[in-house]
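>>> model the structure of this input:
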Amino acid sequence: MDDRIFRGNERQLLNGYQPLEHTLTLEFTGTEGRHGWPEIEVYHNTVLVYCGIVKQQYTLAINVRADQIRNLFKVKMINKQPDDTVVDELGNITKDKSVVIENATIDNCFIRNFYKVAKVFTTDRVYPGCQLFLPNDLIKFYYKNPPLEYLIKRKPVGFFDTKEVNAEVNKLFEKTTKLLFHN
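Residues are numbered from 1 along each chain as shown. So this is what the prediction gives:
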């Protein structure tokens, strides 16, 4: 087998149905409110994997085992108070405690338009997004292992909508077919 065809861990993507151990990385940005920075809890299924303050920026890496087929990640802000929003005399918000997931990657594969994949749950509705600014709001992100196979099947609008990403997908497909038909 010609090892020059694949870089790094690309070989494991050949069998898309094989669950694999991987790392989900979430990059958070927090904004300060009247009573300080946002504090969040992050759950992987029912296990609390992080509880802490997001002071400006924070990166969280979550290891997912190969035997964890269904993966639900939940993020909630736990210290938002009703008077955390600071408003000037003209009614403009000058300061507000919030947290947003800026980027998400799975084993260094960037999830483009993550806000279209994740959902925000409020007390009265559910919508695509990745920003928390109200008390009791919750961000949920779900996928099955293997994650790339699951996300490609779902193919949310905007996931493969750029020429660059399409070119990379086509290049990987060509590498895979070259390996399969020449060995």
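>>> helices along the chain, start to end?
114-117, 147-154, 163-182 (DSSP state H).
>>> can you flag the weakest of those helices by average pLDDT?
Between the helices of the chain, the lowest average pLDDT goes to helix 163-182, which shows a mean of 60.
>>> partners of the most centrally placed residue in the chain in the sheet?
Geometric centre of the chain, nearest residue: A104, 3.6 Å, by C-alpha atoms, centre = their mean. With DSSP bridges applied, A104 shows beta-bridge pairing to L26.
>>> tell me who's in contact with it.
L24, T25, L26, E27, F110, I111, F114, V117, A118, F141 (C-beta atoms under 8 Å, 6 or more residues apart in numbering). Glycine gets a C-beta too; all of them are placed from N, C-alpha and C.
>>> pull the number of nearby residues for Q81.
12 (other C-beta atoms under 10 Å).
>>> now the one 5 residues further on
Applying the criterion other C-beta under 10 Å, we find 14 residues in the vicinity of V86.
>>> ok so, going back, how close does the residue nearest to the centre of the chain sit to Y150?
14 Å (C-beta to C-beta, to the nearest Å).
>>> same question for I111.
Following C-beta to C-beta, the distance that separates I111 from Y150 is 12 Å.
>>> hmm, N63 and T25 touching each other?
No. The criterion here is C-beta atoms under 8 Å, and T25 misses it with N63 at 10.2 Å.
>>> the more surrounded of I111 and Y150?
I111 (24 against 16).
>>> tell me the contacts of the more buried one?
N103, A104, T105, V117, L151, F159.
>>> give me the PyMOL select line for those residues, limited to the buried ones.
Per 16 or more other C-beta atoms under 10 Å, the buried members of the contacts of I111 correspond to this PyMOL selection:
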select buried, resi 104+105+117+151+159
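>>> now tabulate the contacts of I111 in JSON lines and tack on distance to L48.
Listed next are the contacts of I111 as JSON lines, based on distance: C-beta to C-beta, whole Å:
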{"residue": "N103", "distance to L48": "22"}
{"residue": "A104", "distance to L48": "19"}
{"residue": "T105", "distance to L48": "22"}
{"residue": "V117", "distance to L48": "22"}
{"residue": "L151", "distance to L48": "25"}
{"residue": "F159", "distance to L48": "29"}
